[in-house]
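Chemist: Here is a sequence together with a model predicted from it:
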Amino acid sequence: MLKIFFGNDRVKAQAEIKRVLNDNYEVVEGAELNLNDLTDVFMGGSLLAAERKILVKDLSTVKENFDKLVDFIDTPNDVIVWENSLDKRTKTYKQLAKKIEIKEFKLIEKIDRNLAFNIYDTAFYDGKKAVQMLAQAELTEDPYKMLGAWAWKAIDNFKRSGGTKEKRVLKELSKLDIEMKTTAYQPWVLMQAFLLRAASL
């Protein structure tokens, strides 16, 4: 059995590792392995048990080793590879995902809605100040969740007033959403541009 777990919710990941492997398992540091070691870890047996239970940590720190995982899908041992993060776009990830369980453990990130709303409201009377506030938010916030909070605020404003200005704002936020997802510009830069022109909408 080969499984891959990754993500930033270490508590849930550790609980799942314990559930699958129980308490008695080996821990192997993936960064310290060479290609020859992989065969021993994934295919080597144990004198003490019919099969080995192994947790391999951070194998992807050596790309060549992680790419070799494809050769060990049918390991007779119970192996979980644990990574902090993985690039889902790679050929290796896509090959593995077709044949084994890959599970992501992700912390739910919350946006500071009060901060998002304050930046949004400030933009309509002082765009430069709103940009300064956004620069501070970049250190701790997610741009897409920030945009989501702005959109929620704009929709709420439109429901209450139904004015043409609110319609224009919603149209601009929709354009901003598309630009953030489809252009090469940094999301924060695009958001700054929106804040600077918000007062004139």
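Modeler: Perfect, thanks for sending it.

Chemist: host element of the closest residue to Gly127 other than its chain neighbours?
Modeler: Distances taken as Cβ to Cβ, 6 or more residues apart in numbering put Leu196 closest to Gly127, at 4.2 Å, once the chain neighbours are dropped. For glycine as for every other residue, the C-beta is placed from the backbone atoms N, C-alpha and C. Using DSSP states H and E, Leu196 falls within helix 187-198.

Chemist: Over to Ile80?
Modeler: Secondary structure (DSSP H and E) places Ile80 in strand 78-83.

Chemist: Which elements pack onto that strand?
Modeler: Strand 78-83 is packed against strand 2-6, helix 10-21, strand 53-57, with contacts defined by 3 or more Cβ pairs under 8 Å, 6 or more residues apart in numbering; DSSP states H and E.

Chemist: between the ones you listed, which has the poorest average model confidence?
Modeler: Among these, helix 10-21 has the lowest mean pLDDT, at a mean of 91.

Chemist: Partner strands of the strand holding Ile80 and their direction?
Modeler: Strand 78-83 pairs in its sheet with strand 2-6 (parallel), strand 53-57 (parallel), by DSSP bridges.

Chemist: Give me the next element, helix or strand, following that strand.
Modeler: Following strand 78-83 in sequence, per DSSP H and E, is helix 91-97.

Chemist: Dump the strands paired with strand 78-83 to a markdown table, plus mean neighbour count and distance to Met180.
Modeler: As requested, the strands paired with strand 78-83 are arranged in a markdown table below (neighbours: other Cβ atoms under 10 Å; distance: least, Cβ to Cβ, whole Å):
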| stretch | mean neighbour count | distance to Met180 |
| --- | --- | --- |
| strand 2-6 | 20 | 25 |
| strand 53-57 | 20 | 34 |
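
Chemist: Ok, which of those comes nearest Glu26?
Modeler: Closest to Glu26 of the strands paired with strand 78-83, according to Cβ to Cβ: strand 53-57, at 4.7 Å.

Chemist: which residues touch that closest one?
Modeler: 17, 21-22, 24-30, 33, 41, 77-82 (Cβ atoms under 8 Å, 6 or more residues apart in numbering).
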